[in-house]
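Participant: build me a structure from this.
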Amino acid sequence: MTATTRAPAEQHGVREWLLQGLNEHSQRHQGPHAQAPEQEKAHSWWKVMCLTGVDYFSTLGYQPGIAALAAGVLSPIATFVLVLVTLLGALPVYRRVATDSPHGEGSIAMLVRLLSFWKGKLFVLVLLGFAATDFIITITLSAADATAHIDENPFWPASLQGHEIIVTLVLVALLGGVFLKGFTEAIGIAVGLVGVYLALNVVVIADGLIRVLTHPGRVEDWTTALTTQHGNPVAMVGIALLVFPKLALGLSGFETGVAVMPHVKGRPGDDPRRPAGRIHGAKQLLTTAAGIMSVFLISSSVVTTVLIPQAAFEPGGPANGRALAYLAHENLGAAFGTAYDLSTIAILWFAGASAMAGLLNLVPRYLPKFGMAPSWARAVRPLVLVFTAIAFLITVIFRADVDAQGGAYATGVLVLITSAATAVTLSARRQAQHGRTIAFGAIALIFTYTTIANIAERPDGVKIAACFIAGILAVSLLSRLYRAFELRVTHIETDTVAETFLRECGRRNVRLIANEPDNRDAREYSDKIAQILADNDMADDSDVIFIEVTVTDASDFETELHLHGEVLHHRYRVLSVESSSVPSAIAALLLHIRDATGRRPHIYFEWTEGNPVANFLRYLIFGQGEVAPVTREMLRQAEPDRRRRPHVHVG
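Facilitator: So this is what the prediction gives:
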């Protein structure tokens, strides 16, 4: 075999590898026979918890240091406030999200149900912009933090220090490589990393607590500093509440917890629309993760605040951003400290895995469905390459600086949690659950305050999120234009009368007339037939069936058709259907008739009056306008063989 003949086969193989599972993961259609997605391979809830937990648990690598720097000697009290907000606020909110949105759409889907048409789509794009900010920055920030821990290790060669950008890019590329391999491999790695990391943290914190208990003088020094600096308990709590927004990084992981719900194993008899087993597993995931993290946060805050000098937390200090690693080296020796460093580096590197998993589950559920991303965006591997490339760009722009990305990360996390709290509040109100409405409303207000305070202090986060939102809006608009002539129907169902009409089409040449329904009286149909006969020089009106499409939500892209047949005024046969687009519905119906009967149907249109450009814009925005040429173009793209293409007549 020559090189010239081998190259196309290799290219075809690469393309198949990249797009593997595209048809199974979507209901993408070029005709009426869409394939249902295959059941995703599911895993036990505790394994999926480890995947989402690599982000949540990895915050132990820097959260105690952030708390000490923000709150000083008040760090344990401020951390206790964070834990209360986690257990009494974020956890109940996301347990409700898991119940109301069990298919991985998260809180975004709950809010979208309240809005229709283009308002809803734009709202989704804005929220996806914040989600992208959260998830992408999680990947880059965690990799950059892992690089910082590498540089801080005493065994890391001095000659390799100062190359933070290159090391971070390598870590991001390795993460992308794992997801190119598959989700199962990612979950397996996450289980191992989380198990080792939490075990090492138990050793470090337990050793620290023993030292605190056996050295009461240090505790007295801490309590003296508390009373000296802050006076009374009321003042302490007030200041802790004020600094709480700075600790918001410790709330990460909840949104990804519900985003990856499709990977949680359910029960054999689960209803696909409301899988009770999966919902129960997701709630266990969220509750267990929050409980584990709460214990670690409080205990780590106590030992780091009491045992580490305050000056060590300052920028450039040995405990800055790595308080527990500092204790591991100081109290347990260089060998154990290095092992702890390696574990911390590994989990910080892989913390982006939960974000990558969240993106891979979230983006395909919205953008391709709305026509705002190419159809290949449903395949995992192309998206992994796209997200990895974006992470490369962000790393270079911010020069792998952890502090520079912290504001954007916190903004993304808090906006998503606030939107989730708002969604469950509205959901409870809609179901007339007055007590829960008040409780969730109070939680939403707390997170709203936290978000506003964080934005006021670090406005760069909103600026970065605005860039993501602008990018998503631009890509979505271009994609919608590019896919304007794509057939959008995923499935066609017909009632008994419609089936009878289609069988008649199979026995003889039945001519279809596209009609925009108005009064639907006898005169409307007789006038339409007369016009079609005159425009197309037809001899008679025998064997005519009208097709009427009512546009529901033109902002939707993919739709199912439910075809309804009826005989009006004892004479006129009418097939009616609702769709987001008139041309797409008619083109899909014509292909369905051809495939079901073996005959190429004829359809008759009249030209649309008015400016063609204005009519085309009407089609893009409202789903109707230049119906005849758009229908013909959809048929041409869906069926390249002219000998099998339905006939289109325009008079």
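
Participant: helices of the stretch 1-150 of the chain, start to end?
Facilitator: Taking DSSP state H, counting those that start in this stretch as the criterion, the stretch 1-150 of the chain contains helices spanning 3-18, 45-56, 63-71, 75-85, 91-100, 106-112, 117-152.

Participant: any chance of these in TSV, plus mean pLDDT, distance to Thr597 and mean neighbour count?
Facilitator: (Glycine included, C-beta is placed from N, CA and C.) Shown next, in TSV, are the helices of the stretch 1-150 of the chain (pLDDT from 0 to 100; distance: least, CB to CB, whole Å; neighbours: other CB atoms under 10 Å):
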stretch	mean pLDDT	distance to Thr597	mean neighbour count
helix 3-18	58	34	10
helix 45-56	88	47	26
helix 63-71	80	66	25
helix 75-85	87	63	22
helix 91-100	91	43	22
helix 106-112	78	39	23
helix 117-152	83	36	23
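
Participant: any chance of these in a markdown table, with distance to Leu487 too?
Facilitator: Formatted as a markdown table, those follow (distance: least, CB to CB, whole Å):
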| stretch | distance to Leu487 |
| --- | --- |
| helix 3-18 | 21 |
| helix 45-56 | 36 |
| helix 63-71 | 50 |
| helix 75-85 | 48 |
| helix 91-100 | 32 |
| helix 106-112 | 24 |
| helix 117-152 | 20 |
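
Participant: pLDDT weak spots in the stretch 451-600 of the chain?
Facilitator: 506, 539-542 (pLDDT under 70).

Participant: repeat the analysis, applying 80 as the threshold.
Facilitator: Within the stretch 451-600 of the chain, the ranges that satisfy pLDDT under 80 run 460-461, 504-510, 536-543, 553-555.

Participant: before we move on, the earlier item: closest one to Gln433 among the helices of the stretch 1-150 of the chain?
Facilitator: When the helices of the stretch 1-150 of the chain are compared by CB to CB, helix 91-100 sits nearest Gln433, at 10.1 Å.

Participant: name the helices or strands packed onto that closest one?
Facilitator: For helix 91-100, the contact count by 3 or more CB pairs under 8 Å, 6 or more residues apart in numbering; DSSP states H and E identifies helix 106-112, helix 254-259, helix 276-307, helix 402-430, helix 434-457 as packing neighbours.

Participant: show the contacting residues for Phe313.
Facilitator: By CB atoms under 8 Å, 6 or more residues apart in numbering, the contact list for Phe313 reads Gly65, Ala68, Leu69, Ala319, Asn320, Ala323.

Participant: need the contact list for the last one.
Facilitator: Right, Ala323. So Ala323 contacts Pro64, Gly65, Ala68, Ser300, Thr304, Ile308, Phe313 (CB under 8 Å, 6+ apart).

Participant: what does the third one give?
Facilitator: Taking CB under 8 Å, 6+ apart as the criterion, Leu69 is in contact with Phe313, Glu314, Asn320.

Participant: go on, the first one?
Facilitator: Residues counted as contacts of Gly65 (CB under 8 Å, 6+ apart) are Thr304, Phe313, Ala319, Asn320, Gly321, Arg322, Ala323.

Participant: same check on the fourth one?
Facilitator: The neighbours of Ala319, taking CB under 8 Å, 6+ apart as the test, are Gly65, Ala68, Thr304, Ile308, Ala312, Phe313, Tyr326.

Participant: recalculate using a threshold of 10 Å.
Facilitator: With contact set as CB atoms under 10 Å, 6 or more residues apart in numbering, Ala319 has these partners: 64-65, 68-69, 304, 307-313, 325-327, 330.

Participant: nearest to Thr168 among these?
Facilitator: Closest to Thr168, out of all of the contacts of Ala319 and judged by CB to CB, is Ala325, at 18.1 Å.

Participant: so the closest one: helix, strand or coil?
Facilitator: Following DSSP: H, G, I helix; E, B strand; the rest coil, the label given to Ala325 is helix.

Participant: neighbours around Ala466, how many?
Facilitator: 14 (other CB atoms under 10 Å).

Participant: one more: Asp595?
Facilitator: Counted by other CB under 10 Å, the residues lying close to Asp595 total 12.

Participant: so which strand or helix has it?
Facilitator: Using DSSP states H and E, Asp595 maps to helix 582-597.

Participant: for the chain, longest strand please?
Facilitator: strand 559-568 (DSSP state E).

Participant: give the partner strands of it in its sheet and their orientations.
Facilitator: strand 489-494 (parallel), strand 572-579 (antiparallel) (DSSP bridges).

Participant: how far out from the middle of the chain is that strand?
Facilitator: Distance of strand 559-568 from its chain centroid, counting by CA atoms, centre = their mean, to the nearest Å, is 34 Å.

Participant: next one: stretch 357-370
Facilitator: Centroid separation for stretch 357-370 versus its chain: 5 Å, with CA atoms, centre = their mean.

Participant: so what's Val295 scoring on pLDDT?
Facilitator: The model reports Val295 with a pLDDT of 94.

Participant: picking up where we left off before, just send the strands paired with strand 559-568 back as JSON lines, with distance to Val172 too.
Facilitator: Output for these, formatted as JSON lines (distance: least, CB to CB, whole Å):
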{"stretch": "strand 489-494", "distance to Val172": "35"}
{"stretch": "strand 572-579", "distance to Val172": "42"}
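
Participant: out of those strands, nearest to Thr425?
Facilitator: Thr425 sits nearest to strand 572-579 of all those, at 31.8 Å, using CB to CB.

Participant: the closest one to helix 582-597, inter-axis angle?
Facilitator: If you take axes from the mean of the first three to the mean of the last three CA atoms, to 10 degrees, strand 572-579 sits at 120 degrees to helix 582-597.

Participant: let's see strand 572-579 as PDB, backbone CA atoms only.
Facilitator: Only the C-alpha atoms of strand 572-579 are listed here, as PDB (Å, rounded to 0.1, in the frame of the first residue of the first chain):
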ATOM      1  CA  TYR A 572     -60.000  19.200   2.800                       C
ATOM      2  CA  ARG A 573     -57.300  16.800   4.200                       C
ATOM      3  CA  VAL A 574     -54.900  18.700   6.500                       C
ATOM      4  CA  LEU A 575     -51.700  17.600   8.200                       C
ATOM      5  CA  SER A 576     -50.900  19.900  11.100                       C
ATOM      6  CA  VAL A 577     -47.800  20.000  13.300                       C
ATOM      7  CA  GLU A 578     -46.000  22.300  15.700                       C
ATOM      8  CA  SER A 579     -42.300  23.100  15.300                       C
END
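
Participant: how about it: buried residues?
Facilitator: For strand 572-579, burial by neighbour count (16 or more other CB atoms under 10 Å) applies to Tyr572, Arg573, Val574, Leu575, Ser576, Val577, Glu578, Ser579.

Participant: quick one: contacts for the residue nearest to the first one when sequence neighbours are not counted?
Facilitator: Here the nearest residue to Tyr572 in space, its sequence neighbours aside, is Tyr525; by CB to CB, 6 or more residues apart in numbering that works out to 4.4 Å. Taking CB under 10 Å, 6+ apart as the criterion, Tyr525 is in contact with Ile513, Asn515, Pro517, Asp541, Val544, Phe546, Leu568, His569, Arg571, Tyr572, Arg573, Val574.

Participant: tell me the bridge partners for the last one.
Facilitator: Yep, that's Val574 we're talking about. Phe546, Glu566.

Participant: so it makes contact with Ile545?
Facilitator: Yes - under the contact definition of CB atoms under 10 Å, Val574 touches Ile545, with a separation of 7.3 Å.

Participant: anything in contact with each of those two?
Facilitator: Shared contacts of Val574 and Ile545, defined by CB under 10 Å, 6+ apart, comprise Ala498, Phe501, Ile513, Gly565.

Participant: give me the subset of these lying in strands.
Facilitator: If you go by DSSP E, those have Ile513, Gly565 in strands.
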